[in-house]
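In: give me a 3D structure for the following:
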Amino acid sequence: MDYAQRLADGVRERRRQLGISQSELARRAGVTQPGISRIELGIETCSGLRCDCG
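Out: Model (predicted):
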């Protein structure tokens, strides 16, 4: 499993554990919902993002 897929799985799993939507995670992280979707699909990584989710 490559880095992008491990990141995707980890972000999705943690978001679900927190019970928040992609939109809420995006708001907290200061990115767009489509950006979170691309990260969770493994299409994009999130270098330099700050996320206060927990």
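In: hmm, who's touching the helix or strand hosting residue 15?
Out: Using DSSP states H and E, residue 15 falls within helix 3-18. With contacts defined as CB atoms under 8 Å, 6 or more residues apart in numbering, helix 3-18 is touched by 1, 21-22, 25, 36, 39-46, 53-54. No exception for glycine: its C-beta is placed from N, CA and C like everyone else's.
In: show me which pair in these is furthest apart.
Out: 1 and 21 (25.4 Å; CB to CB).
In: the more surrounded of those two?
Out: residue 21 (12 against 8; other CB atoms under 10 Å).
In: now do the contacts for the more buried one.
Out: residue 15.
In: please redo it, this time with the cut-off set to 10 Å
Out: Shown in contact with residue 21 (CB atoms under 10 Å, 6 or more residues apart in numbering): 15, 27, 33, 36.
In: in PyMOL, how would I select just the buried ones from these?
Out: The following PyMOL line selects those of the contacts of residue 21 that are buried, judged by 16 or more other CB atoms under 10 Å:
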select buried, resi 15+36
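In: picking up where we left off before, average pLDDT for the helix or strand just after the helix holding residue 15?
Out: Moving toward the C-terminus from helix 3-18, the next helix or strand (DSSP H and E) is helix 22-29. For helix 22-29, mean pLDDT is 95.
In: with just CA atoms, put helix 22-29 into PDB.
Out: Extracted in PDB, the C-alpha atoms of helix 22-29 (Å, rounded to 0.1, in the frame of the first residue of the first chain):
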ATOM      1  CA  GLN A  22     -16.300  15.700   4.700                       C
ATOM      2  CA  SER A  23     -17.700  19.200   4.700                       C
ATOM      3  CA  GLU A  24     -17.100  19.600   8.400                       C
ATOM      4  CA  LEU A  25     -13.600  18.200   8.100                       C
ATOM      5  CA  ALA A  26     -12.900  20.500   5.300                       C
ATOM      6  CA  ARG A  27     -14.100  23.500   7.300                       C
ATOM      7  CA  ARG A  28     -11.900  22.500  10.300                       C
ATOM      8  CA  ALA A  29      -8.800  21.900   8.000                       C
END
